[in-house]
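Student: need the 3D shape of this:
(chains A and B)
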Amino acid sequence: MIGAGHAGLAVSRVLTEHSLEHVVLERGEVANSWRSERWDSLRLLTPNWQSRLPGYPYRGADPDGFMTMPEVIEHVAGFAHAISAPVRTHTAVTSVSRVAGGYEIATGNGGIRCRSLVIASGAANVPHVPKVREAVPPPIACVTAFDYGNAERLPRGGVLVVGASATGVQLADEIHRSGRPVTLSVGEHVRLPRTYRGQDVLWWMEHSGVWNQRYDEIDDIERARGLPSPQLIGTPERATLDLNVLRAAGVEIVGRLAAIRDGRALFSGGLRNQFALADLKMQRLLDTFDEWARSTTPAVEVGAPERFEPTQAPESPRLSLDLRNGEIRSIVWATGFRPDYRWLEVPVLNRKGELRHDGGVVEDAPGMYAIGLPVLRRRKSTFIIGAEDDARDIVTHLASYLGTACRSRGE
Amino acid sequence: MAEASVKNGVNIDALLAAREALKNAPEAAKFTWRASCKWQSGTHATSTVQGFHGLGDEQSHKTQFSFETDHPEVFASEDHGATPVELVLVGLASCLTAGVATVAQNRGIQLRSVEAKLEGKMNLYGILGIDSDVRNGYDDIKVTFKIDADASKKDIEALVAQSQKRSAVYDIVTNPTNVTVEVI
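Tutor: Numbers count the residues shown, from 1 in each chain, chains lettered A, B, ... in the order given. Have a look, this model is predicted:
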């Protein structure tokens, strides 16, 4: 196992159930990314009762709340302890290469040979910043979600937030509240209300079966895997944080950042269509929920169907912004994350640097698996609650592979 | 100003007079251009232009102009006309060329011939939805002018530069525009 986050630990627990000998290599501490690569105020997008790991449900007093990062670390570390996971902390993997009968793993603490390995190093190791960043004029400070921390670390003055995923809308909201004028550049995005018919929208995702939809049942799996995270925030008030909310609060919404030319940021004029698409897709999802609620009797009482206001487009959205006149002092790039596979010396990446895999079974690399990537095997794959089902499927495949490999060698 | 001996076929005096007149009539300077499009079959459509609004009133071309658009047979289409993206190149080429003639007239440069070749590069991974990082439209457009005129190379280059500076289509292609699409 490479990585002792929630996904890697879930696999460890299922491997133990199968009595399969293994070790979990961790570059830092258990739940390392949650410790060091998140901003201060972040809470999980999923309510506490959904922070369920194999045999380890949430047992706290606030099932509808949203964990802060220290609480997530405690939860994941508590799970590691409960399952006595064989974790080797501070053991960074420096290379993985193929050898006869398996793989050779080099770490800062010596080498390991294994017949099978599961990559659980995460989907969000490095912030992705588009090439256009190179054209940002020098006095402007550029930060990503990794080095943001909190709004007070930004210079006073205007802030351009690029990207309207969960990260983008949350940071835009927080920075705006700090008194800094915020311009939010919006491309393709996923709009969701926090609650629907009285229940958390992710309760609907889980119970209606949407989250369980398998990767091989989805028409355009590449698109599904590349979708930005939904515009959600976990707050004690269970508040919705969509573009209407941000705009009403005073955040200026502009189109997708298309280019920076001669010190001016140029924004797409296609903003209305981005809104229309996100509204249509949200509508379609809510219809799916309603359909499910009609055809079954939900275990809890749900309210009446709701419909939400379309996203309000500014009369004439700003198409360009002078980055040299001092109005904008910093740019926050909320333009996504990528996994980091620089240590992986087995040729299993596609031309875009993504792992080639079929539902977590890495292609052309027998015995190699992945977990914790977007829509790996189900729509819920990257969420904490999604780890168990994927871990069970992966371990079933892995156990069968090891069994076959042993028999073929007459062991 | 515009030397009488130069004959590029541009009525520069009328244009300069209009410019003066519009300075004091901002409403008259607000134009609305229109086009209509009717689907034929497959990817074949027929677009027409005739009426437009400007100078504070409805205006009209002398006649209706019509344009067939389609896709070539390599796209499994019937090739009844240019592709819409080629028409964009046509728009850019003809706008820059008209600009060259106008600026030349204004600068007293006699043109003998003006030819432009355009190339727009596009990766089909965008419109086919294969790679969301690839844009749908052109990622690079190259215009090459071949101009024979009574002027130095430097003056001709300045002519082409000024033509870009005042070109509506060049601006449309190089800068974002708000677009609203409705269904009625």
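Student: residues touching residue A:289, list them.
Tutor: Counting by Cβ atoms under 8 Å, 6 or more residues apart in numbering or on different chains, residue A:289 touches A:196, A:197, A:204, A:208, A:210. Any C-beta I mention is one placed from the backbone N, CA and C, and that applies to glycine too.
Student: using ChimeraX, define a selection of the buried residues within those.
Tutor: Of the contacts of residue A:289, the buried ones can be selected in ChimeraX as follows, counting by 16 or more other Cβ atoms under 10 Å in any protein chain shown:
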select /A:196,197,204,208,210
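Student: mind listing which of the contacts of residue A:289 are in strands?
Tutor: Of the contacts of residue A:289, the ones assigned to strands by DSSP state E are residue A:196.
Student: chain neighbours aside, what residue packs nearest to the closest residue to chain A within chain B?
Tutor: Of all residues in chain B, residue B:178 sits closest to chain A, at 4.1 Å by Cβ to the nearest Cβ. Take residue B:178 and drop its neighbours on the chain: the residue closest to it by Cβ to Cβ, 6 or more residues apart in numbering or on different chains is residue A:269, 4.1 Å away.
Student: then residue A:109?
Tutor: Using Cβ to Cβ, 6+ apart, the nearest residue to residue A:109 is residue A:91, at 4.9 Å.
Student: and chain B, which residues reach chain A?
Tutor: Proximity of chain B to chain A (Cβ under 8 Å from any Cβ of the partner chain) is limited to residues B:129, B:131, B:132, B:133, B:175, B:176, B:177, B:178, B:179, B:180, B:181.
Student: what about the helices in the chain?
Tutor: Chain wasn't specified; assuming chain A. Secondary structure of chain A by DSSP state H: the helices cover A:6-17, A:32-36, A:69-82, A:166-177, A:201-207, A:221-226, A:243-249, A:271-295, A:387-408.
Student: please go with chain B instead
Tutor: According to DSSP H, the helices that chain B contains are B:12-23, B:84-106, B:153-165, B:168-174.
Student: could you dump the ones you listed into a markdown table with mean neighbour count and distance to residue A:224 added?
Tutor: As requested, those are exported to a markdown table (neighbours: other Cβ atoms under 10 Å in any protein chain shown; distance: least, Cβ to Cβ, whole Å):
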| stretch | mean neighbour count | distance to residue A:224 |
| --- | --- | --- |
| helix B:12-23 | 12 | 53 |
| helix B:84-106 | 19 | 29 |
| helix B:153-165 | 15 | 43 |
| helix B:168-174 | 16 | 33 |
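Student: tabulate those (a markdown table), appending mean pLDDT.
Tutor: Compiled in a markdown table, the helices of chain B are given as follows (pLDDT from 0 to 100):
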| stretch | mean pLDDT |
| --- | --- |
| helix B:12-23 | 88 |
| helix B:84-106 | 96 |
| helix B:153-165 | 93 |
| helix B:168-174 | 94 |
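Student: so who does the closest residue to residue B:58 other than its chain neighbours touch?
Tutor: Using Cβ to Cβ, 6+ apart and skipping residues adjacent in sequence, the residue nearest residue B:58 is residue B:51, 6.3 Å away. Contact analysis of residue B:51 by Cβ under 8 Å, 6+ apart lists B:34, B:58, B:59, B:60, B:61.
Student: gap between the closest residue to residue A:374 other than its chain neighbours and residue A:3?
Tutor: Leaving aside its sequence neighbours, residue A:374 sits nearest to residue A:225 (Cβ to Cβ, 6+ apart; 4.6 Å). For residue A:225, the distance to residue A:3 (Cβ to Cβ, to the nearest Å) stands at 19 Å.
Student: and the two? Which one has more around it.
Tutor: Just comparing residue A:225 and residue A:3: by other Cβ atoms under 10 Å in any protein chain shown the higher neighbour count belongs to residue A:3, 26 against 17.
Student: next, that one: phi, psi?
Tutor: phi 110, psi 120 (degrees, to the nearest 10).
Student: wait, isn't it in contact with residue A:124?
Tutor: No. Residue A:3 is beyond contact range of residue A:124, at 12.0 Å (criterion: Cβ atoms under 8 Å).
Student: ok, residue B:133 - contacts?
Tutor: residue A:352.
Student: can you pull the pLDDT of residue B:4?
Tutor: If you check residue B:4, the pLDDT there is 57.
Student: which non-adjacent residue is nearest the residue in chain B sticking out farthest from the centre?
Tutor: Counting by Cα atoms, centre = their mean, the extreme residue of chain B relative to its mean C-alpha position is residue B:130, 30.5 Å from that point. Once flanking residues are discounted, residue B:130 sits nearest to residue B:124: 7.7 Å by Cβ to Cβ, 6+ apart.
Student: what values do phi and psi take at the residue in chain A that chain B sits nearest to?
Tutor: Across chain A, no residue is closer to chain B than residue A:269, which sits at 4.1 Å (Cβ to the nearest Cβ). Per-residue torsions, residue A:269: phi -90, psi 10 (degrees, to the nearest 10).
Student: now do the contacts for it.
Tutor: Contacts of residue A:269 (Cβ under 8 Å, 6+ apart): A:255, A:317, A:319, B:176, B:177, B:178, B:179.
Student: close to chain B: what parts of the stretch 251-400 of chain A are there?
Tutor: Going by Cβ under 8 Å from any Cβ, the residues of the stretch 251-400 of chain A near chain B are A:255, A:258, A:266-273, A:316-317, A:319-320, A:352.
Student: now, which of the residues you listed lie within strands?
Tutor: Using DSSP E, these in strands are A:258, A:266, A:267, A:320.
Student: for those, which one is nearest residue A:328?
Tutor: residue A:320 (11.9 Å; Cβ to Cβ).
Student: grab the most central residue of chain B for me.
Tutor: With distances taken as Cα atoms, centre = their mean, chain B has residue B:91 as the residue nearest its mean C-alpha position (2.9 Å).
Student: residue B:141 versus that one, what's the distance?
Tutor: 11 Å.
Student: swap in residue A:154?
Tutor: Residue A:154 is 38 Å from residue B:141, by Cβ to Cβ.
Student: any stretches of chain A with poor pLDDT?
Tutor: Applying pLDDT under 70 to chain A picks out residues A:405-411.
Student: go again using 80 as the cut-off
Tutor: A:404-411 (pLDDT under 80).
Student: so it: which segments form each domain?
Tutor: What automatic domain parsing lists as the domains of chain A is A:6-125+A:339-408, A:127-333.
Student: okay if I get these as CSV plus distance to residue B:160?
Tutor: Converted to CSV, the domains of chain A look like this (distance: least, Cβ to Cβ, whole Å):
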stretch, distance to residue B:160
domain A:6-125+A:339-408, 39
domain A:127-333, 19
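Student: who are the contact partners of residue 10?
Tutor: With no chain named, the answer covers chain A. Applying Cβ under 8 Å, 6+ apart, the residues contacting residue A:10 are A:53, A:54, A:371, A:387, A:388, A:390, A:391.
Student: hm, I was asking about chain B
Tutor: Counted by Cβ under 8 Å, 6+ apart, residue B:10 has contacts B:101, B:102, B:104, B:105.
Student: can you show me the strands along chain B?
Tutor: Under DSSP E, chain B gives strands at B:36-41, B:44-54, B:57-69, B:111-121, B:140-149.
Student: pipe those into a markdown table and attach distance to residue A:331 and mean pLDDT per row.
Tutor: Shown next, in a markdown table, are the strands of chain B (distance: least, Cβ to Cβ, whole Å; pLDDT from 0 to 100):
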| stretch | distance to residue A:331 | mean pLDDT |
| --- | --- | --- |
| strand B:36-41 | 39 | 98 |
| strand B:44-54 | 40 | 97 |
| strand B:57-69 | 40 | 97 |
| strand B:111-121 | 29 | 97 |
| strand B:140-149 | 26 | 96 |
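Student: just send these back as a markdown table, with distance to residue A:114 too.
Tutor: Shown next, in a markdown table, are these (distance: least, Cβ to Cβ, whole Å):
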| stretch | distance to residue A:114 |
| --- | --- |
| strand B:36-41 | 60 |
| strand B:44-54 | 60 |
| strand B:57-69 | 59 |
| strand B:111-121 | 47 |
| strand B:140-149 | 47 |
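Student: using CSV, write down the CA coordinates of stretch B:31-48.
Tutor: Taking C-alpha atoms only, stretch B:31-48 is exported to CSV below (Å, rounded to 0.1, in the frame of the first residue of the first chain):
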residue,chain,number,x,y,z
PHE,B,31,-25.3,49.9,-35.4
THR,B,32,-26.9,46.5,-35.2
TRP,B,33,-25.9,43.9,-37.7
ARG,B,34,-28.1,40.9,-38.4
ALA,B,35,-28.0,37.5,-40.0
SER,B,36,-30.6,34.8,-40.3
CYS,B,37,-29.9,31.1,-40.7
LYS,B,38,-32.1,28.3,-41.8
TRP,B,39,-31.2,24.6,-41.4
GLN,B,40,-31.5,22.6,-44.6
SER,B,41,-30.4,19.1,-43.9
GLY,B,42,-27.6,17.4,-42.1
THR,B,43,-24.9,20.0,-41.4
HIS,B,44,-26.1,22.1,-44.4
ALA,B,45,-27.6,25.5,-43.6
THR,B,46,-28.3,28.7,-45.5
SER,B,47,-27.7,32.0,-44.0
THR,B,48,-28.8,35.4,-45.3
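Student: right, I'll call it a day here.
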